[in-house]
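S.K.: Sequence and predicted structure, then a few things I'm wondering about:
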Amino acid sequence: MRAAKVPRVVAMLSQKTKTRCEVEDFSGCDLATPKLRIPMTKPRFKTWIFALIFCFFAGVSTVRADQLQAVPIEQARAISREVSESQIVISYASKAQNERAEIWRVKTALVAPMDQTGELGEDFAAFYETHVFFERLFRSKNAFTGALPANIEWEDVPQNERFDLVAIDAAYVYSKDGENERQFRCIGKKLEFPCDIEGETIEISTEIAEKLVQAGEEVEVAEIVEN
């Protein structure tokens, strides 16, 4: 499989200030010599670092599109908005076997073109993914198959396993459902995108919900666009 071509980045650094910047010429994913046009203020420095992290992963990762991972750009943007507005999300692959659920604090959401050929020769050039840089806060103590039961037990995630960057499948990521801090709903179902899942909502305990109230933070949103 060929590595992803990474075009220029147009990054929305703050939903409040609407500040924008550009990162140019990441062709070849040469992390040592990118051409940048970003004043190194603190928030912009964070986005610059994230762009470098994404560039690295794009060059070495493979494509595993499931239900709502590879989507048209407008759907990817909608998924990115939902993730960033929720700030706290639950990841759980309800169609898999013996899966553990995880609660994430989203740090950055990035919409990026796939521009790759899949393992079976599929052409994904017209599709986009939503990449999320996040911190794992909690993980279910037990593994489950099918719909996740309500009020399951959670455990803290070790510090060395907390941070990660993945391309999410909106069929298996759940965002906050309205004002109810205890209930999360499948993003794919919420946005009315076709997907096949086991269990549309996940409910957490009051104890965990109270811990998460203080965990949310403003999410940086970025988008990679074609030249």
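M.R.: That came in fine, so what should we check first?
S.K.: what does the helix or strand residue 79 falls within rub up against?
M.R.: Counting by DSSP states H and E, the element that carries residue 79 is helix 73-86. Under the criterion C-beta atoms under 8 Å, 6 or more residues apart in numbering, residues 15, 68, 71, 89, 106, 109-111, 113, 128-130, 132, 168, 170, 173, 175-176, 187, 190-191, 193, 219, 221, 223 lie in contact with helix 73-86. From N, CA and C alone the C-beta is placed, and that goes for glycine too.
S.K.: taking these one by one, which sit in strands?
M.R.: When the contacts of helix 73-86 are checked against strands (DSSP state E), the matches are 89, 106, 109-111, 113, 128-130, 132, 173, 175-176, 221, 223.
S.K.: From the contacts of helix 73-86, list the buried ones, please.
M.R.: Using 16 or more other C-beta atoms under 10 Å as the burial test, these include 68, 71, 89, 106, 109-111, 113, 128-130, 132, 168, 170, 173, 175-176, 187, 190-191, 193, 219, 221, 223 as buried.
S.K.: related to what we said a few turns ago, buried sites along the helix holding residue 79?
M.R.: Neighbour count says helix 73-86 has 73, 75-84, 86 buried, by 16+ other C-beta under 10 Å.
S.K.: now those in CSV, with pLDDT?
M.R.: Output for those, formatted as CSV (pLDDT from 0 to 100):
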residue, pLDDT
73, 93
75, 96
76, 95
77, 95
78, 96
79, 97
80, 95
81, 95
82, 95
83, 94
84, 92
86, 89
